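S.K.: sequence first, predicted model second:
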Amino acid sequence: MDSGLDFNNHIIATFKLFGIDIRFTDTILNTWIIMAVLILFAIVVRIKLNKFKDVPETGFQNFIEAIVEAMDSFVSSNMGIKYKYFGNWFFGVFAFVLFSNLFGLLSFRAPTADLATTGALAFTTFILIHFMGIMTAKGSYFKAYLEPVPFLLPINIISEFATPVSLSFRLFGNILGGTIIMGLVYSLPAYVKVGIPAALHVYFDVFAGALQTFIFVMLSMAFIGDKIPEEMKN
Amino acid sequence: MNGFILTLDQSFLIDVAWQLLNTVILCGVLSFLLYKPVLKFMEKRRERIQNQLDTADEKLTDAGRLKAEYEKKLREINTEREEILSMARTRAAQREQEIISQAKKEAETLKNRAMTDIQREQEKAKDEMKKQIIEISSAMASRFIKASIDENQQKKLADEVISELGDVKWQN
């Protein structure tokens, strides 16, 4: 391609492990950068937590309390107070997806613009949906596949598999779309590029990114919560 | 540098596995370092504040109860005081009456005694006076008699008295 258009997820290196080709891509590298930033931030929080006061005195403490509190009440209201320990998982997912989506602002390729990332996240959601369903609903989990009428069983099964697919492709498509449009805009002649990319970044990265993060986490919670019988949630 | 946007092959599955591992590690670390400790901190604070509120509530009810108790006691003390005071007043009034009547009685007795004393003194004075009058009159009489009668007449009078005395004896 000579046009200078490049939305690709580059393969930085490949190596063989047990006879299998493993590629080291932009996605992995950028994921590690995000992980490093988030883990560093978590370490800072852990150190500062010892100095936290009952009445918050710093904006930092207020901010940390606000985000943790928000996630806690978010999980409680979506999945029930009994299952609010899922906040431990979704807090990480939320932070990772949000930072990934916003990563385009720094002209990095967003890890969520790779189906491998969103697929991995949707896969965990899929596993949690059915694990929690079997653990909490027991027999009625399987019976639900025969409802409302038994011959709908194939459709029910398809819909279960459609869930992670739709989850992963929604996020992937949105972010990849943003990446492609941004790439196209950046390929425009220089005199059109003043100001326009900034506005588009705000829309595709900040607005769509935050919104898609919220939607992904929210839907994951709702799907998992759906499989937990209502009377077990409190 | 070659690249791709989307492939669905074995490499894709390996990428998924890799990202799965990354995500699990990230979520685990964030949960361990950030989410759990902060949540625990807030939960502990919530409990502490709840405890403080509870104890404050308890103390408030205690204080209310004690206040009511003390007010009741105060009222009781007041009524008791009133009772004691009125009792003391009645007793004092009684005692006053007693003292007055006793004093009156004593005064009466004293007056009576004084009266009898006065009467006795009067009698005594009268007797004295009588005695003295008799003495004076007999002294005067003896003077008169000495001057007016001679020896014969004296003899005659003495005889008369003696005879009279004898008559009296006889009569007895």
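M.R.: It's in. Residues are numbered from 1 along each chain as shown, chains lettered A, B, ... in the order given.

S.K.: against which helices or strands is the longest helix along chain A packed?
M.R.: Ranked by residue count under DSSP state H, the longest helix found in chain A is helix A:153-186. On a contact count with 3 or more Cβ pairs under 8 Å, 6 or more residues apart in numbering or on different chains; DSSP states H and E, helix A:153-186 meets helix A:87-102, helix A:115-137, helix A:196-201, helix A:208-227. Placement of C-beta: from N, CA and C, glycine included.

S.K.: what residues are up against B:Gly3?
M.R.: Contacts were defined as Cβ atoms under 8 Å, 6 or more residues apart in numbering or on different chains; by that measure B:Gly3 touches A:6, A:8-11, A:25-26.

S.K.: near chain B too, which of those?
M.R.: With Cβ under 8 Å from any Cβ of the partner chain as the criterion, the members of those in contact with chain B are A:6, A:8-11, A:25-26.

S.K.: quick check: A:Asp21 is in a strand.
M.R.: Yes: under DSSP: H, G, I helix; E, B strand; the rest coil, A:Asp21 sits within a strand.

S.K.: distance-wise, check it relative to chain B.
M.R.: Noted for A:Asp21: a distance of 6 Å to chain B, by Cβ to the nearest Cβ, to the nearest Å.

S.K.: does that residue really touch A:Ala13, like I thought?
M.R.: No: between A:Asp21 and A:Ala13 there is no contact under Cβ atoms under 8 Å: 11.0 Å.

S.K.: hmm, back to that, tell me the most buried of the helices and strands packed on helix A:153-186?
M.R.: The highest average neighbour count among these, using mean count of other Cβ atoms under 10 Å in any protein chain shown, belongs to helix A:87-102 at a mean of 24.

S.K.: where does chain A have low pLDDT?
M.R.: Where chain A drops to pLDDT under 70, the residues are A:1-4.

S.K.: between all of the contacts of B:Gly3, which two are separated the most?
M.R.: Pairwise distances across the contacts of B:Gly3 peak at 13.8 Å for A:Asp6 and A:Thr25 (criterion: Cβ to Cβ).

S.K.: neighbour-wise, which of those two wins?
M.R.: Taking neighbours as other Cβ atoms under 10 Å in any protein chain shown, A:Asp6 and A:Thr25 compare with A:Thr25 leading, 24 against 12.

S.K.: how about the residue of chain A most remote from its centre, secondary structure?
M.R.: No residue in chain A sits farther from the centre than A:Tyr191, which is 35.9 Å out by Cα atoms, centre = their mean. What three-state DSSP gives for A:Tyr191 is helix.

S.K.: so what touches stretch A:17-25?
M.R.: For stretch A:17-25, contacts defined as Cβ under 8 Å, 6+ apart pick out A:9-16, A:114, B:3, B:10-11, B:14-15, B:18.

S.K.: wait, what's in contact with B:Gln19?
M.R.: B:Gln19 touches A:27-28, A:31, A:111, A:114, A:116-117, A:119-121, counting by Cβ under 8 Å, 6+ apart.

S.K.: let's see 10 Å
M.R.: B:Gln19 sits next to A:27-28, A:31, A:96, A:111-112, A:114-121, A:123 when contact means Cβ atoms under 10 Å, 6 or more residues apart in numbering or on different chains.

S.K.: may I ask which two of the residues you listed are separated the most?
M.R.: Most distant of these, by Cβ to Cβ, are A:Ile28 and A:Phe123, 16.7 Å apart.
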